[in-house]
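Trainee: here is my input, please return the structure:
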Amino acid sequence: MQTIQQSGRTIAKPDHFIDRIVWGIFGNADDPQPPHEYMRGWSDWIRHILWWFRNPIHNLTFYVIGCADKDTISTGKDPTTPFVLPRGWNWAVTRTVGGWFPRPFVSHAGRWLRWYAGWRPPGGAFGFKCQRNRD
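Mentor: Here you go, the predicted model:
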């Protein structure tokens, strides 16, 4: 079992409740603009719309439900990565520094599938994923 601590992470959030809802659903604080190489040759407005559809609730999963903007302590089998590769189980529990609420995470990389559920280590973003294993 390992323990890691993440610190010095902050992000500016809107002050008002309605602004925070809009920011959580439609915002992407980490990558607000599509990179230059994304959908090269398409018009800018189409690139921006498709960029938003790529991950529409980024701020919600990272900063409203998740704890990616807070100092955290993660303890688990390998809290530095979501998957133990090439195959195996991984788990972690993340808490904010000084906080009491446990944020669980579990993942498995098997012969055919790879999946996870919970607050991903080491960043603390909330999510679910299931994909075919190509290893």
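
Trainee: can you give the contact residues for stretch 23-43?
Mentor: The contact list for stretch 23-43, computed with CB atoms under 8 Å, 6 or more residues apart in numbering, reads 11-14, 46-48, 50-52, 55-60, 62-64. To be clear about C-beta, it is placed using only N, CA and C from the backbone, and glycine gets the same treatment.

Trainee: just the buried ones from those residues?
Mentor: Burial by neighbour count, 16 or more other CB atoms under 10 Å: within the contacts of stretch 23-43 this picks out 47-48, 51, 57-60, 62-64.

Trainee: nearest to Asp71 among those residues?
Mentor: Tyr63 (13.8 Å; CB to CB).

Trainee: I'd guessed the closest one sits against Ala12; true?
Mentor: No. The pair Tyr63 / Ala12 is not scored as a contact, 10.2 Å apart, by CB atoms under 8 Å.

Trainee: which residues are in contact with the nearest residue to Lys13 once chain neighbours are set aside?
Mentor: In this structure, Lys13 finds its nearest non-sequential neighbour in Arg20, 6.3 Å apart by CB to CB, 6 or more residues apart in numbering. For Arg20, the contact set (CB under 8 Å, 6+ apart) comprises 13-14, 64.

Trainee: filter those down to just the ones in strands.
Mentor: Counting by DSSP state E, no part of the contacts of Arg20 is found in strands.
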